[in-house]
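Trainee: the sequence and its predicted three-dimensional model are supplied below.
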Amino acid sequence: MRILFVTRGMQGGGTEKLLADLLPLLHADSHVEVELFLLFDKGEKYLAGLKKAGVRVYVANRKSHCGRMRALYRVIQKGQYDIVHANLFPVIYYCSFLKKARGRRFPKLLMTEHNTDNRRRHHRSMRPLEQWVYASYDRVVCISDATKGSLMEWLSAENPRKFPIIYNGIDLSRYQKAGKYRRGVLFPGIQAQDILLCMAGTFTEKKNHAFLIEAMRRLPESYKLLLLGEGRLKEKIKADAGKAGLKGRIRFLGFRTDADFILKSSDIVVVPSKWEGFGLIAAEAMACSKAVVCSDIPGLREVVGDAGVKVEPENADALAAALLRLKDKNERERYGRMARQRAALFDLDNMKKQYKGVYTECLGEADQEWGQRCHR
């Protein structure tokens, strides 16, 4: 089967990391050929690895929506794909519009829903358009039960079979076997008794860095913080940290390909998101046997279960108190053992098999539809 994945870019977020791991696995399958279409290339972080794995990459590099859709359609028209797999807004709209225009001449259309919330769902006037767009998709893969539940409620959908659940996967062996850095390499001047926190994520409102800054103000000097990632709010968060007197306690490491080693070298991993469909970094930290402290929100709650500490969202006092409790090394190690066991649920190879099963099922339906039309 030939599959074209479509997404905005590959700049280093959770969805991009997921695709960077999944596409080479699928492409290595003798029965699957994978290609990737990007709306833009702005120094994309994962492209070298994808190209090395043999995944062909197309880039629209058009400024207008119409220009991007035309570029995408030309690739689909020439590629003779069996499946087009869309990810993220506005890609999911582009693919829907193209399928509406081409009808049965368009390949089977799938998408992955990555979030439990977005700005469109805060405007009831958007619901009819969203229902119209999502109706174009043969399957909408949801990355958690929470993602499926919130989406079906938003769309007033009644066919759960259209919304299969496939948990995000990680390379378990990579994180379990990762080595450690000397802590002074990551945070110069750190003392043996200091607690090293780590947060990884794109600097957006969703990831809620500002909330963690508030909690850091309530913690003693011995708590240090590593922040991994890039994003449009990075400079603002840096400025806020400086105003809060935390400049010497926080290090901004930018985008890193060695997140596994950094997680392994930290004491506690913090995921303070406002909303998450899944929370890939939580699963990665758990595979590293690290204590995870996260917001008690649907997606993260499902991933972490009882193997991490969940705190009330936006309650900086509660977050600080949870981090203070985990100053005890024995308590951190206890959570770490539970986390490693739970991380086994999120195996990358299992995710690949489930996606392939969904593709095969959809193509089987296509054969049935063709046979019915010929019979008539």
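Mentor: Noted; the coordinates are in hand. Numbers count the residues shown, from 1 in each chain.
Trainee: rest of the way, CA atoms for contacts and neighbours
Mentor: Fine.
Trainee: quick check: mean pLDDT across stretch 242-253?
Mentor: Across stretch 242-253, pLDDT averages out at 96.
Trainee: can you give me the buried ones in that stretch?
Mentor: 246, 249, 250, 251 (16 or more other C-alpha atoms under 10 Å).
Trainee: wait, the third one sits on residue 228?
Mentor: No: under the criterion of C-alpha atoms under 8 Å, residue 250 lies out of contact with residue 228, with a separation of 10.9 Å.
Trainee: I'd say residue 231 and residue 203 touch.
Mentor: Yes: if you go by C-alpha under 8 Å, residue 231 and residue 203 touch, sitting 4.4 Å apart.
Trainee: between those two, which one's more packed in?
Mentor: residue 203 (22 against 15; other C-alpha atoms under 10 Å).
Trainee: the more buried one in helix, strand or coil?
Mentor: Per DSSP: H, G, I helix; E, B strand; the rest coil, the local secondary structure of residue 203 is coil.
Trainee: mind listing what it touches?
Mentor: Residue 203 sits next to 209, 229, 230, 231, 232, 233, 234 when contact means C-alpha atoms under 8 Å, 6 or more residues apart in numbering.
Trainee: mind checking how far stretch 9-25 is from the chain centre?
Mentor: Offset of stretch 9-25 from its chain centre (C-alpha atoms, centre = their mean, to the nearest Å): 8 Å.
Trainee: so what touches stretch 68-79?
Mentor: With C-alpha under 8 Å, 6+ apart, stretch 68-79 has contacts from 4, 37, 39, 60, 61, 62, 94, 98.
Trainee: mind running it again at 7 Å?
Mentor: Contacts with stretch 68-79, where a contact means C-alpha atoms under 7 Å, 6 or more residues apart in numbering, come from 39, 60, 62, 94.
Trainee: strands of the stretch 201-350 of the chain, residue ranges please.
Mentor: Assigned by DSSP state E, counting those that start in this stretch, the stretch 201-350 of the chain shows strands spanning 223-228, 250-254, 268-271, 291-295, 309-311.
Trainee: which other residues reach the fourth one?
Mentor: Translated: strand 291-295. 268-273, 282, 308-313, 332, 335-336.
Trainee: hmm, which of those are the buried ones?
Mentor: If we count by 16+ other C-alpha under 10 Å, those have these buried: 268-273, 282, 308-311, 313, 332, 335-336.
Trainee: mind picking the two most distant members of the residues you listed?
Mentor: 313 and 336 (22.3 Å; C-alpha to C-alpha).
Trainee: where does this structure have its least confident helix or strand?
Mentor: For the chain, using mean pLDDT, DSSP states H and E, the weakest element among its helices and strands is helix 348-375, scoring a mean of 79.
Trainee: so what's the residue nearest to residue 181 when sequence neighbours are not counted up against?
Mentor: Among residues not flanking residue 181 along the chain, residue 265 sits closest, at 5.8 Å (C-alpha to C-alpha, 6 or more residues apart in numbering). By C-alpha under 7 Å, 6+ apart, residue 265 lies in contact with 180, 181, 183.
Trainee: by neighbours, which of those wins?
Mentor: residue 183 (16 neighbours).
Trainee: tell me how far that residue lies from residue 225.
Mentor: 12 Å (C-alpha to C-alpha, to the nearest Å).
Trainee: not counting residues beside it along the chain, what's closest to residue 213?
Mentor: That would be residue 241: by C-alpha to C-alpha, 6+ apart, it lies 6.5 Å from residue 213.
Trainee: now that neighbour: how far from residue 158?
Mentor: In this view, residue 241 and residue 158 are 46 Å apart by C-alpha to C-alpha.
Trainee: of those two, who's got more company?
Mentor: residue 241 (20 against 9).
Trainee: could you give the number of residues near residue 340?
Mentor: 23.
Trainee: now for the closest residue to residue 317 other than its chain neighbours: which residues touch it?
Mentor: Sequence neighbours aside, residue 215 is the residue nearest to residue 317 in space, at 6.6 Å (criterion: C-alpha to C-alpha, 6+ apart). Residues in contact with residue 215, defined by C-alpha under 7 Å, 6+ apart, are 316, 317, 319, 320.
Trainee: redo the contacts of stretch 68-79 as a markdown table? Include secondary structure.
Mentor: A markdown table is the format used below for those (three-state DSSP):
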| residue | secondary structure |
| --- | --- |
| 39 | coil |
| 60 | coil |
| 62 | coil |
| 94 | helix |
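Trainee: switch those residues over to TSV; also include distance to residue 75 and pLDDT.
Mentor: Converted to TSV, the contacts of stretch 68-79 look like this (distance: C-alpha to C-alpha, whole Å; pLDDT from 0 to 100):
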residue	distance to residue 75	pLDDT
39	12	96
60	10	96
62	14	93
94	13	98
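Trainee: okay if I get the residues you listed as JSON lines plus distance to residue 148 and neighbour count?
Mentor: What follows is those, written out as JSON lines (distance: C-alpha to C-alpha, whole Å; neighbours: other C-alpha atoms under 10 Å):
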{"residue": "39", "distance to residue 148": "26", "neighbour count": "24"}
{"residue": "60", "distance to residue 148": "30", "neighbour count": "18"}
{"residue": "62", "distance to residue 148": "32", "neighbour count": "14"}
{"residue": "94", "distance to residue 148": "22", "neighbour count": "20"}
